[in-house]
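Novice: coords please:
(one chain, ligands or ions: 1)
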Amino acid sequence: MVSMPKSATSEQRSPLEQAKHVAAFTAGEKLVKPGCRLGVGSGSTVKYLVDFLEGAFKANHLPGLICVPTSFMTKRWLLNAGLPVSDLDATPELDICIDGADEVDANFTLIKGGGGCLVQEKIVQSASKSFYVIADSSKKSRALGENYSSIPIEVLPFGVQPLLQTLPEKFGGDFRLRMAMKRVGPVITDNNCYIIDWEFPKDREYDWTTIHKDLSLIPGVVDTGLFFNCVNGCGENISKIAIAGQMHGIVFWESDALEKGDLNCSKLYTWQFPKCSERILEKLTSYGPITVFPGYGCATLSYLQENRLLDAKWNSCGTIMDLFATLLTRSSFVLIGAQNANSWGCARDGEWTIPKNQFSVKMPQIVLDGTFLTKTVPKGSFSNAKVLVPFGDLQTAIYPFIKDHTAVLNIGTAAQICCLVPNDYRPSKEFEYLRVDPFNKDRKLLLAAGLNGGTSLNTFLSV
Ligand SMILES: O=C[C@H](O)[C@H](O)[C@H](O)COP(=O)(O)O
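Specialist: Model prediction:
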């Protein structure tokens, strides 16, 4: 961990600035290694990356670092921070490029250039083996235009007037020459060009690659602020995932298929599954120490097995949360938390009390709550995140309150995602529907409620 020089401390920063800081520092810590030839983007989020680099470089954690800036301003920041600065003449091949963005859609297509920097950014991006974006959550959208209304286009001053006249006919919407704030006249870019902002109509779907190509072919257009090929998911700040949900229920699946990401599973038998004979219940209760009722995992499993209702391919079982965690990590092996195991009726002190081989499916291994699954999330926005062995719904109420930076996905009858946030936290516009409830003097509780288990699972897996 590298301490941050100069800028405001976390107590002084607004939530938005705090989010930019976290994104930049997380990317810096995860991605920038000693000897790295690094393309450094532009904008206020990148300034935090420069802060990170300064701290890490001065602490001798990044020997051999070479920084290639994408703009005049970034070059200044890097030089002022005492960082080694190069350019594409001396360093034409870069390992990675890290940059900010004005908007990021679900396909990781970006709008950039809100600060007037895009052409040099794209050249540095193309000289880099991988391109990562650091952005706070207010920049994220399903489709471009939800959070940032226009696409910056850098143009040669010589052809600006014909462009302003012809572009609206070809593409619709408004094309405006960006004017300077403290100068009479247009904004002049680092390449002595102008910026036209295209306020594009929002009532249609776009193929952004084609739009970019069509615009780029027009004489006078230097480049567009549409960026592609961003590495998926590396700016996320999710390093650990906790899942919780309703206890007692059981679900069965084929572990080999699941390891490959294919879900061949039974329906979920919840605690409300009523079928189980008195004889089975008495037998299971006799193993102690818990009285077994219909709907308890071991009772349902016994009933289904006795009545030959289990598909022969299903060789693993767990709670619905265990299935989710196992699928998220593509694990073949199932671990169950002690509380969830107890809720199935035949567990004590971390061991199953039923005789071994009683069931045709493999029983999950019981571990203490708070243990992590051995495998991490292999891909997607949460790639490399560690996953806690799921909790029962009792622990859901406690765990996020004692662990900072932890969100718990509760897959129950009405699932909720909640986490503690600083007292001055205000959800950004896109998340206005989230509830912020009082918690204690330092923290508030951020609640996203009203998802049902299936929707949560789908949404989570799709990101
Ligand atoms: O023109 C500026 C660059 O494309 C920036 O990376 C982009 O505008 C994001 O800047 P910020 O981090 O200040 O929101």
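Novice: from the ligand, how far off is residue 378?
Specialist: Look at residue 378 and the ligand: by Cβ to the nearest ligand atom, to the nearest Å, they are 29 Å apart. To be clear about C-beta, it is placed using only N, CA and C from the backbone, and glycine gets the same treatment.
Novice: would you mind splitting this structure into its domains for me?
Specialist: 15-227, 240-462 (automatic domain parsing).
Novice: now do the first one, average pLDDT.
Specialist: Think domain 15-227. The pLDDT scores in domain 15-227 average 95.
Novice: gap between the two ends of stretch 113-125?
Specialist: End-to-end distance of stretch 113-125 (Cα to Cα, to the nearest Å): 14 Å.
Novice: kindly apply the preceding question to stretch 117-135 instead.
Specialist: Terminal residues of stretch 117-135 are spaced 16 Å apart (Cα to Cα).
Novice: related to what we said a few turns ago, mean neighbour count added to the domains of the chain, as TSV?
Specialist: Listed next are the domains of the chain as TSV, based on neighbours: other Cβ atoms under 10 Å:
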stretch	mean neighbour count
domain 15-227	19
domain 240-462	18
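Novice: now the helices for this structure?
Specialist: 15-31, 44-58, 72-80, 119-126, 160-171, 208-216, 255-259, 278-286, 297-306, 320-329, 338-343, 393-396, 399-402, 453-462 (DSSP state H).
Novice: need those in CSV (columns: distance to residue 427).
Specialist: CSV is the format used below for the helices of the chain (distance: least, Cβ to Cβ, whole Å):
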stretch, distance to residue 427
helix 15-31, 9
helix 44-58, 19
helix 72-80, 30
helix 119-126, 30
helix 160-171, 34
helix 208-216, 28
helix 255-259, 35
helix 278-286, 47
helix 297-306, 38
helix 320-329, 26
helix 338-343, 31
helix 393-396, 21
helix 399-402, 17
helix 453-462, 18
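Novice: of all those helices, which lies closest to the ligand?
Specialist: helix 44-58 (3.3 Å; Cβ to the nearest ligand atom).
Novice: quick revisit: which one, of the helices of the chain, ends up nearest to residue 424?
Specialist: helix 15-31 (6.7 Å; Cβ to Cβ).
Novice: may I have that closest one as PDB, with CA atoms only?
Specialist: Only the C-alpha atoms of helix 15-31 are listed here, as PDB (Å, rounded to 0.1, in the frame of the first residue of the first chain):
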ATOM      1  CA  PRO A  15     -17.700  11.100  -2.500                       C
ATOM      2  CA  LEU A  16     -17.100  11.600  -6.300                       C
ATOM      3  CA  GLU A  17     -13.500  12.600  -5.800                       C
ATOM      4  CA  GLN A  18     -13.100   9.700  -3.400                       C
ATOM      5  CA  ALA A  19     -14.400   7.300  -6.000                       C
ATOM      6  CA  LYS A  20     -12.000   8.700  -8.600                       C
ATOM      7  CA  HIS A  21      -9.200   8.300  -6.100                       C
ATOM      8  CA  VAL A  22     -10.100   4.700  -5.300                       C
ATOM      9  CA  ALA A  23     -10.400   3.800  -9.000                       C
ATOM     10  CA  ALA A  24      -7.000   5.400  -9.800                       C
ATOM     11  CA  PHE A  25      -5.200   3.900  -6.800                       C
ATOM     12  CA  THR A  26      -6.700   0.500  -7.300                       C
ATOM     13  CA  ALA A  27      -5.600   0.400 -11.000                       C
ATOM     14  CA  GLY A  28      -2.200   1.700 -10.000                       C
ATOM     15  CA  GLU A  29      -1.700  -0.900  -7.400                       C
ATOM     16  CA  LYS A  30      -3.000  -3.800  -9.600                       C
ATOM     17  CA  LEU A  31      -1.600  -2.900 -12.900                       C
END
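Novice: does anything pack onto it? Which helices or strands?
Specialist: Packing partners of helix 15-31 (3 or more Cβ pairs under 8 Å, 6 or more residues apart in numbering; DSSP states H and E): helix 44-58, strand 94-99, strand 415-422.
Novice: which one of those lies nearest to residue 256?
Specialist: strand 415-422 (28.4 Å).
Novice: which of the helices of the chain sits closest to residue 421?
Specialist: That would be helix 15-31 among the helices of the chain, by Cβ to Cβ, at 7.9 Å.
Novice: which residues does the residue in the chain that the ligand sits nearest to contact?
Specialist: Scanning the chain for the residue nearest the ligand gives residue 43, at 2.6 Å (criterion: Cβ to the nearest ligand atom). For residue 43, the contacting residues are 99-100, 114-115, 117, by Cβ atoms under 8 Å, 6 or more residues apart in numbering.
Novice: ranges for the strands of the stretch 101-250 of the chain?
Specialist: Under the criterion DSSP state E, counting those that start in this stretch, the stretch 101-250 of the chain contains strands at 103-104, 110-111, 128-133, 150-155, 174-177, 194-199, 221-224, 226-227, 240-245.
Novice: returning to that earlier point: now, which of the contacts of residue 43 lie close to the ligand?
Specialist: Filtering these for proximity to the ligand by Cβ under 6 Å from any ligand atom leaves 99-100, 114-115, 117.
Novice: now do the spatially most distant residue from the centre of the chain, the pLDDT please.
Specialist: Distance from the centre of the chain peaks at residue 279, with 48.5 Å (Cα atoms, centre = their mean). In this model, residue 279 is scored at 94, pLDDT.
Novice: distance of it from residue 285?
Specialist: Distance, residue 279 to residue 285, using Cβ to Cβ, to the nearest Å: 11 Å.
Novice: which residues does the spatially closest residue to residue 367 that is not a sequence neighbour bridge with?
Specialist: Among residues not flanking residue 367 along the chain, residue 335 sits closest, at 5.0 Å (Cβ to Cβ, 6 or more residues apart in numbering). For residue 335, the beta-bridge partners are residue 365 (DSSP bridges).
Novice: perfect, I'm done here.
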